[in-house]
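# predicted model, plus sequence, below.
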Amino acid sequence: MAVESRTVLGNALENCRHSLRWACFFSLFINLLMLTPALYMLQVYDRVITTGSEATLLVMTLLVVFFFCIMGALEWVRSRVLVRLGNRFDMQLHDRLHGHMFWRDLNLPGRHGAWPLDDLATLRQALAGGGLLIFFDAVWVPIYLVVLTLFHPWFGGFAAVAGGLLLALVVASEKATRHLLDAASRDQAESRELAASNLRNAEVLHAMGMLGGIRRRWARLHRNYLTKQSQASDRAGLLFSLTRTLRLAAQSLILGLGALLVLKEQITPGMMIAGSLLMGRALAPIDQAIGGWKSVVAARAAYRRLEALFREAPSDEQRMALPAPRGELTIEDMAAGPPSQERPVIRGVNIAIAAGEHVGIIGASAAGKSTLARVLLGIWPARQGSVRLDGADIMQWQREALGPYVGYLPQDIELFEGSVGENIARFDELDADKVVAAARRAGVHEMILHLPEGYDTRLTPNGGALSAGQRQRIGLARALYDDPALVVLDEPNSNLDHQGEQALTTAMRELKREGITLLVISHRTGVLKEVDSLLLMEQGQVRLFGSRERVLAKMAGEAQA
């Protein structure tokens, strides 16, 4: 796994090698044609002016125009190749990156956000834009220096020294600003995530007058970002001024050097002008590096972050498909907890649930009920022991293959942007019959019909204008969509009125007739009348587990004692 994760970005680039070769091929001829202005000036000063031949000037001018047209066409084609190269690179990675982002949010603590998608866009733009061209053109700097040296060794030496000084300033600029820019980038990402989180909770902030305190917290992060960004910009601005002054001075001084050599009759006037043009071309990649250095640095940082993400996430190796599950659960000496906590929340769990059995999970708050549900579904991995579905460890199942056989209704109902029907269908191919069947099974069909556009009613990410109870009932329909073998409901009646509770009870009876395994976490006793067994959690351990009557009798006896 480690070898693959270290090379995932390299493999994507390797698959783009054919396009890179074509871009290099076009760059070869483009840079050769870049010699055209210098050679044209050389011939104009040394041949046309000295001979006074208008015909020679006409022919040379026509050739130069032709070569410029060819160069423009090649640059246009190279640009198209690089754009498609960037798109191909993105297409190879975005699906896997999307999956790794979800893995990270499930398994690693902290606010993460969607920055990997921004990093992928940064890399794509670097491949499709000027970042890659800097390296293509830099290869030709020695060639231009050789041509300058052929004109006169002083030309070559002068250009080499000027280029070396400019390159040193570029490197110094990068070292002086790297850490500040990285820190500023982290502060900016943190302030952006905080702002997004605050917007999601705008009602609470407004109702309780918390906006001022939250704004001050965000402003502190934003000021840190601005301060570090300004410090980095100040340093970069100083070095940029130095490089600009040095570059302009070098381009002027080489003309003076050329004039001196002409006076000494060591070169011709045409060589003087051509040498100035060639030195400008030799310094062009360094100019590009100065102008595009921030994008190069950003692309390098994005590459490192993405490589680290791919390295820490598990590989996407394909597992052999398993038969459709029946819903039998076996938990063997299991200990588990949220990935953000070192100590397990639940431990020593040993229970067996038969296919089609209905189990109610009860206990005080923070007893570990929701943690148990997440581990049973494979959302969080067990730190010890195992959870087996039909004999296979839950983590061995391909999630895409297992998902249709699992229904889950969490405490916090999340409906996604789209129609009611799409939410119930889990954004898979929309099958109207299955959607309506799931809604009827959840007792929510009539309620949906009374929405403004029925099943086509558009929802915002927070559910739009739906009440908490309506969101919960639509979430229940989503959990019961198609033919699940295992359904886990976490506080499914926390927001339901009497009618909603009756619909939930009816749905549980229907699941019982269909032989679907059901686990229900609830503090309300109404829905627990329909379960076969009860599981009492206490301080992260199973206190009691057995038939509903036996567990209730045991609890009643302990209460009387």
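Yes, it's here.
# residue 224 versus residue 175, what's the distance?
Separation of residue 175 from residue 224 (C-beta to C-beta, to the nearest Å) stands at 22 Å. Using the backbone N, CA and C atoms, a C-beta is placed for each residue, glycine as well.
# who has more neighbours out of these two?
Neighbours were tallied for residue 175 and for residue 224 using other C-beta atoms under 10 Å; the higher tally belongs to residue 224 (17 against 10).
# hmm, that one is touching residue 187, no?
Yes - proximity of residue 224 to residue 187 meets the contact threshold set by C-beta atoms under 8 Å, at 4.7 Å.
# which parts of the stretch 251-400 of the chain are helices?
Ranges of helices within the stretch 251-400 of the chain are 269-312, 369-376, 399-402, based on DSSP state H, counting those that start in this stretch.
# mean neighbour count and distance to residue 435 added to those, as JSON lines?
Listed next are the helices of the stretch 251-400 of the chain as JSON lines, based on neighbours: other C-beta atoms under 10 Å; distance: least, C-beta to C-beta, whole Å:
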{"stretch": "helix 269-312", "mean neighbour count": "20", "distance to residue 435": "35"}
{"stretch": "helix 369-376", "mean neighbour count": "23", "distance to residue 435": "25"}
{"stretch": "helix 399-402", "mean neighbour count": "14", "distance to residue 435": "20"}
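# check the offset of stretch 133-143 from the chain's centre.
What separates the centre of stretch 133-143 from the centre of its chain is 32 Å, taken as C-alpha atoms, centre = their mean, to the nearest Å.
# pull the residues that contact it.
For stretch 133-143, the external contacting residues (C-beta atoms under 8 Å, 6 or more residues apart in numbering) are 23-24, 27, 31, 34, 82, 163, 282, 284-286, 288-289, 292, 296.
# for the residues you listed, which one is nearest residue 475?
Within those, proximity to residue 475 (C-beta to C-beta) peaks at residue 82, which comes in at 45.7 Å.
# you'd agree that closest one is up against residue 124?
No - contact status for residue 82 versus residue 124: not in contact, 10.3 Å apart, counting by C-beta under 8 Å.
# biggest separation within the contacts of stretch 133-143, which pair?
Distance extremes for those: the farthest pair is 82 and 163 at 25.3 Å, using C-beta to C-beta.
# those two - which one has more neighbours?
Using other C-beta under 10 Å as the criterion, residue 82 and residue 163 rank with residue 82 on top: 24 against 20.
# can you give me the pLDDT of the more buried one?
Residue 82 carries a pLDDT value of 86.
# can you tell me the closest non-neighbouring residue to it?
The shortest distance from residue 82 to any non-neighbouring residue, by C-beta to C-beta, 6 or more residues apart in numbering, is to residue 128 (4.9 Å).
# quick one: neighbours of the one you found, just the number.
20.
# and it, what does it touch?
Here residue 128 is in contact with 82-83, 85-87 (criterion: C-beta under 8 Å, 6+ apart).
# ok, 7 Å please
With contact set as C-beta atoms under 7 Å, 6 or more residues apart in numbering, residue 128 has these partners: 82-83, 85-86.
# in PyMOL, how would I select the buried members of those residues?
Buried residues within the contacts of residue 128, by 16 or more other C-beta atoms under 10 Å, are selected in PyMOL with:
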select buried, resi 82+85+86
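# how about CSV for the contacts of residue 128, with secondary structure and distance to residue 71 added?
As requested, the contacts of residue 128 are exported to CSV (DSSP: H, G, I helix; E, B strand; the rest coil; distance: C-beta to C-beta, whole Å):
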residue, secondary structure, distance to residue 71
82, helix, 16
83, helix, 19
85, helix, 20
86, helix, 23
